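1. Requesting a structural model of the entry that follows:
(chains A, B, C and D)
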Number of protein chains: 2
Amino acid sequence: MSYTIAEENYIKSVYHLQQQSGMVATNHLAEALQTQPASVTDMVKKLLGKKLVHYERYKGVRLNAAGKKLALQIIRKHRLWEYFLVNTLEFGWDEVHEVAEQLEHVSSSKLIEQLDHFLGHPRFDPHGDPIPDKQGKIAYQQRLPLLDQPHRTWVEITAVGDESPALLEMLRHHHIQLGTRLRILRSFSFDGSIEISVADHKPVTISQQLATTLLVKLVEHD
Amino acid sequence: MSYTIAEENYIKSVYHLQQQSGMVATNHLAEALQTQPASVTDMVKKLLGKKLVHYERYKGVRLNAAGKKLALQIIRKHRLWEYFLVNTLEFGWDEVHEVAEQLEHVSSSKLIEQLDHFLGHPRFDPHGDPIPDKQGKIAYQQRLPLLDQPHRTWVEITAVGDESPALLEMLRHHHIQLGTRLRILRSFSFDGSIEISVADHKPVTISQQLATTLLVKLVEHD
DNA sequence: AATATTTTTTAGATTTGTCTAAATTTTATT
DNA sequence: AATAAAATTTAGACAAATCTAAAAAATATT
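-> Sure thing, here's the model as predicted:
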């Protein structure tokens, strides 16, 4: 079976939306896809016909096993291409989404497996989101807001909460990227900002907003 | 201006067909695109509306300057992706066309320029066809049938006449690829086959058909 | 519980790219 | 030059994916 670009985009959106709310509402999907609720109803019926979703009138959609499998394949392609764009073609983080949206719809299993091989089977994309493997299996990793972490404990950046150029600029300024190790030294109650030390550089202060956007895992540091 | 995949495929086909016959016939295009003549007429009118072609009823189509420019951009993308698939992702020659047909429609000028840079600005694709540069300029190279070349003169393979797996298998068997140097030692009138020496290996005999499919340029050999 | 509001679906229309069948024009043949 | 054959275009239809406006169902409010 092969699917149209529109179908694939719906499946991907349902997947992302149902991570939060078990059943996805028509209006919610319409907003995510920047389309009209009536169009969503039409397409959902088509996906039901193709046995990719569970659906009952007025109740919402949910992927079935086949739909989930397809969603993971598409997300795998999207994130592998993002990794390629950033690591091989030297794109910035903030420039990859739109292009990956197009590349993810190219259908060739050989292409994607060879790309995966060439890239060295990466498990996380440039934003820290996991890349499903060929079987759809996802590697999990802690993604805790930096702000909530205990002081003086070493942590490592695992993901970022948004993909904006503004955040990228900020992180470059502070020499922070995925995998960077740092720890909180103290926090300021005045504005919620925190003082951190990145690797072995001298301490710097970052805003509460930034500290909330950075996601980390706990690490043992030597 | 941006164009649909269908429009891009028509433009590309017109470009290739008009290389031979100045004006492209409706039936000819229909056959190349595996569609009906009536569909071609419809689309050609649309391309006329977008000012990409010259067209007169019952007379045929021809690209104008804008159409040619677009065609060269698409061909550039197609051939750069083919080069990538063969040289970076280790595809065989004969496996790339279908995938490149999809990749060529991804629209992002940054993508294609970064890809070109990563690949080292190749000027010829894996079949020996020239890759237009950013401005649409094409590098020319001799493409003479090996069969017609004078005996004992060194030549270099510049292109191949088809993209079949069968030809690829044949060339791998003889250790021949693009850039390989060889010369004709003698020819046999019985079946038109020729004896050649490839690089400094011992002489082998190849069929007339193969010798016609291999395209070469003359080189000075030391 | 009745009514108002929101959400969702249905009905009917539109655009893109295609099709078949019939009509028209061009080209070839007698 | 008349006629036959081939090529091309027109007319009308269809599937995919979307839209707007109206109807129906579910939810919230009084």
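2. Select the longest helix from chain A.
-> As assigned by DSSP state H, the longest helix anywhere in chain A is helix A:65-87.
3. wait, does that helix contact DNA strand D?
-> No - Helix A:65-87 lies apart from DNA strand D when judged by Cβ under 7 Å from any atom of the strand; the minimum separation is 14.2 Å. Every residue, glycine included, has its C-beta placed from N, CA and C.
4. Next, count neighbours for the residue nearest to residue A:177 when sequence neighbours are not counted.
-> Nearest residue to residue A:177, sequence neighbours excluded (Cβ to Cβ, 6 or more residues apart in numbering or on different chains): residue A:171, at 6.4 Å. For residue A:171, the tally of surrounding residues (other Cβ atoms under 10 Å in any protein chain shown) stands at 19.
5. And the average pLDDT for the longest helix of chain A is what?
-> Taken as a whole, helix A:65-87 carries a mean pLDDT of 98.
6. Provide the backbone phi and psi angles at the residue nearest the centre of chain A.
-> The centroid of chain A falls nearest to residue A:129 when counting by Cα atoms, centre = their mean (4.0 Å). Dihedral pair for residue A:129: phi -80, psi 140, per degrees, to the nearest 10.
7. quick one: the closest residue to it other than its chain neighbours from residue A:128, how far?
-> Spatial nearest neighbour of residue A:129, excluding adjacent residues (Cβ to Cβ, 6+ apart): residue A:79 at 6.1 Å. Applying Cβ to Cβ, to the nearest Å, the value for residue A:79 to residue A:128 is 10 Å.
8. who has more neighbours, these two?
-> A count of neighbours by other Cβ under 10 Å puts residue A:79 above the other of residue A:79 and residue A:128, at 23 against 19.
9. thought the more buried one was touching residue A:131?
-> Yes - counting by Cβ atoms under 8 Å, residue A:79 touches residue A:131, with 4.3 Å between them.
10. How about the backbone phi and psi for the closest residue to residue A:75 other than its chain neighbours?
-> Among residues not flanking residue A:75 along the chain, residue A:132 sits closest, at 5.9 Å (Cβ to Cβ, 6+ apart). Backbone torsions of residue A:132, given as degrees, to the nearest 10, read phi -60, psi 140.
11. Up against DNA strand D, what does chain A have?
-> Counting by Cβ under 7 Å from any atom of the strand, chain A sits next to DNA strand D at A:4-7, A:35-36, A:38-39, A:42-43, A:46, A:57-58.
12. at 10 Å instead, please
-> A:3-10, A:25, A:30, A:33-43, A:45-47, A:49-50, A:56-60 (Cβ under 10 Å from any atom of the strand).
13. Let's verify residue A:184: helix, strand, or coil?
-> Three-state call for residue A:184 (DSSP: H, G, I helix; E, B strand; the rest coil): strand.
14. which residues does it bridge with?
-> Beta-bridge partners recorded for residue A:184 (DSSP bridges): residue A:196.
15. Quick check: it touching residue A:145?
-> No - counting by Cβ under 8 Å, residue A:184 does not reach residue A:145; the two are 11.4 Å apart.
16. Between those two, tell me which one has more neighbours.
-> residue A:184 (23 against 13).
17. From chain B, how far off is that one?
-> 37 Å (Cβ to the nearest Cβ, to the nearest Å).
18. Alongside chain B, which residues does chain A contribute?
-> For chain A, the residues in contact with chain B (Cβ under 8 Å from any Cβ of the partner chain) are A:85, A:88-91, A:95, A:98-99, A:102-103, A:106-108, A:110-111, A:114-115, A:118.
19. Buried ones only from those residues, please, as a ChimeraX command.
-> Buried members of those, defined by 16 or more other Cβ atoms under 10 Å in any protein chain shown, are picked up in ChimeraX with:
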select /A:85,88,89,91,95,99,102,103,106,108,111,114,115
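20. Output the below-cut-off pLDDT ranges for chain A.
-> Filtered on pLDDT under 70, chain A yields the residue ranges A:221-222.
21. what's the distance between the residue located most distally from the centre of chain A and DNA strand D?
-> Centroid-distance maximum for chain A: residue A:190 at 32.3 Å, with Cα atoms, centre = their mean. For residue A:190, the distance to DNA strand D (Cβ to the nearest atom of the strand, to the nearest Å) stands at 38 Å.
22. so which strand or helix has that residue?
-> Residue A:190 belongs to no helix or strand when elements are defined using DSSP states H and E.
23. burial measure for the nearest residue to residue A:175 once chain neighbours are set aside, as a count.
-> Distance criterion Cβ to Cβ, 6+ apart; nearest residue to residue A:175, sequence neighbours excluded, is residue A:198 at 6.2 Å. Residue neighbour count, defined by other Cβ under 10 Å, stands at 17 for residue A:198.
24. Run a quick check on residue A:129 versus residue A:160, I expect a contact.
-> No - between residue A:129 and residue A:160 there is no contact under Cβ under 8 Å: 9.5 Å.
25. Find the nearest non-adjacent residue to residue A:69, please.
-> residue A:136 is the one closest to residue A:69 (Cβ to Cβ, 6+ apart), at 5.7 Å.
26. Which residues are in contact with the one you found?
-> A:68-69, A:72-73, A:76 (Cβ atoms under 8 Å, 6 or more residues apart in numbering or on different chains).
27. For PyMOL, what selects the buried ones among those residues?
-> In PyMOL syntax, the buried subset of the contacts of residue A:136 is picked out as below (16+ other Cβ under 10 Å):
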select buried, chain A and resi 68+72+73+76
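28. With distance to DNA strand C added, can I get the contacts of residue A:136 in CSV?
-> Formatted as CSV, those follow (distance: Cβ to the nearest atom of the strand, whole Å):
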residue, distance to DNA strand C
A:68, 20
A:69, 24
A:72, 25
A:73, 26
A:76, 29
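29. I'd like the distance between residue A:76 and residue A:178.
-> 19 Å.
30. Just list whatever residues bridge to residue A:54.
-> Beta-bridge partners of residue A:54, as defined by DSSP bridges: residue A:62.
31. Give me the neighbour count for the closest residue to residue A:213 other than its chain neighbours.
-> Nearest residue to residue A:213, sequence neighbours excluded (Cβ to Cβ, 6+ apart): residue A:161, at 4.0 Å. Around residue A:161 sit 16 other residues, with neighbours defined as other Cβ under 10 Å.
32. show me the contacts for residue A:84.
-> By Cβ under 8 Å, 6+ apart, the contact list for residue A:84 reads A:115, A:119.
33. how far away is it from residue A:210?
-> 28 Å.
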